[in-house]
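A.B. asks: Need a 3D model of the following:
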Amino acid sequence: PFQAVCPKCGKESTTRVSDWDGKEITFNCKIDAVDWTKGCGYNGKTSPFSGKGIYAGKLPWKVEWAVKWQVIGVTVEGAGKDHMSAGGSHDIASLVCERVLHYPVPYPVAHEFFLIGGKKMSSSKGLGSSAQEISDIIPPYLLRFLFTRTDYNQAINFDPVGNMYIPDLFDEYDRCWRAYIQGIDENLARAFEMSQIGKPPPKLDLFIPRFKEVVNYIQHPGVDIEKKFIYLKGSVLTADERKILTERQKYARIWISKYAPDEFRFHMSVDIPIQVSQFSEEQRNYLREIIGFMNIHE
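C.D. replies: Residues are numbered from 1 along each chain as shown. Model prediction:
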């Protein structure tokens, strides 16, 4: 049960192992092994154990799954409900675990699917994103929050493109954060606590800059973002609050540039348009009134 990397063409989906002598496997890179690519026909031998800087290949994932249980010491394992169905991947991995590895099968927990834009994630079909890719879009703790805040019997549809999915997720996270600080709702506070990558933070009375407001203000060229949030808070930001604001600016810029609906993207003109020189006196008076109104309510 091993898929070697062909040293000639570099593919592993096309290789098939036919023998093992205790040190090396014998394999063939089959030309017609799969329908999405072609093998090169190479026949050879190789050690299945990677040396320095050498990737020899991998176990088929149903076998690898069981091996990881033993190596890591897993006692409880969750998986999508399709893997947990009768005769599915979990049944095969369990038999490998029991009969080959002689390791107790971890307690199984079947959960719903993690969907990307309404489609089930599938690495073999090239559908979905890796955890690394998603953590480039949102902070890792927010991805954990997505799992801890959603019932395991409910599918998660991660669909960040052209909608308010990510800003709304930040709002819900902040709601749970405040519950944790204030001790007002045990379930919300626990969801926040379980979302943290390390130890839960101390229950400090923090001013938490709202993600949607950060999105709005960083698009204004004349706005000093830290001064704006000092004004909104009513006092100087602490070191922790500045750190939160800096991080949110990073993810707000990513959201604006790649995922925000068009109506949330805007560009403030620094130069006065030439058409202003053609305004009538009535239009100029109107603008003076508007400027005065804005200065009063800033």
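A.B. asks: buried set for stretch 212-223?
C.D. replies: For stretch 212-223, the buried set under the neighbour-count rule, 16 or more other C-beta atoms under 10 Å, comprises 212-219. Where C-beta positions appear, they are placed from N, C-alpha and C, glycine not excepted.
A.B. asks: That should have said stretch 95-113, apologies.
C.D. replies: Within stretch 95-113, the residues scored as buried using 16+ other C-beta under 10 Å are 96-97, 103, 105-106, 110-111.
A.B. asks: tell me which of the buried residues of stretch 212-223 is nearest to P139?
C.D. replies: Nearest to P139 among the buried residues of stretch 212-223, counting by C-beta to C-beta, is V214 at 13.2 Å.
A.B. asks: which residues sit against the stretch of helix or strand that closest one belongs to?
C.D. replies: According to DSSP states H and E, V214 maps onto helix 211-217. Contact partners of helix 211-217, identified using C-beta atoms under 8 Å, 6 or more residues apart in numbering, comprise 166-167, 170-171, 174, 223, 225, 228, 232, 245, 248-249, 251-252, 255-256, 260, 264.
A.B. asks: still on that earlier bit, from the buried residues of stretch 95-113, which shows the smallest pLDDT?
C.D. replies: Ranked by pLDDT, those bottom out at H111, which has 80.
A.B. asks: How about it: what's its closest non-neighbour residue?
C.D. replies: Spatial nearest neighbour of H111, excluding adjacent residues (C-beta to C-beta, 6 or more residues apart in numbering): Y152 at 4.3 Å.
A.B. asks: and that neighbour, how many residues sit next to it?
C.D. replies: Residues near Y152, counting by other C-beta atoms under 10 Å, number 12.
A.B. asks: Quick one: classify it as helix, strand or coil.
C.D. replies: On the three-state scheme (DSSP: H, G, I helix; E, B strand; the rest coil), Y152 is labelled coil.
A.B. asks: Make sure it is actually in contact with V109.
C.D. replies: Yes - in this structure, Y152 is within contact of V109 by C-beta atoms under 8 Å, at 7.2 Å.
A.B. asks: Dump stretch 73-84 to PDB, restricted to CA.
C.D. replies: In PDB, the C-alpha atoms belonging to stretch 73-84 read as follows (Å, rounded to 0.1, in the frame of the first residue of the first chain):
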ATOM      1  CA  GLY A  73      -1.900   8.800  19.700                       C
ATOM      2  CA  VAL A  74      -5.400   9.800  18.500                       C
ATOM      3  CA  THR A  75      -8.300   8.700  20.800                       C
ATOM      4  CA  VAL A  76     -11.200  10.600  19.200                       C
ATOM      5  CA  GLU A  77     -11.500  11.300  15.500                       C
ATOM      6  CA  GLY A  78     -14.100  13.400  13.700                       C
ATOM      7  CA  ALA A  79     -14.800  13.000   9.900                       C
ATOM      8  CA  GLY A  80     -17.400  13.900   7.400                       C
ATOM      9  CA  LYS A  81     -20.500  11.800   7.400                       C
ATOM     10  CA  ASP A  82     -19.600  10.200   4.000                       C
ATOM     11  CA  HIS A  83     -16.400   8.800   5.400                       C
ATOM     12  CA  MET A  84     -18.300   7.400   8.400                       C
END
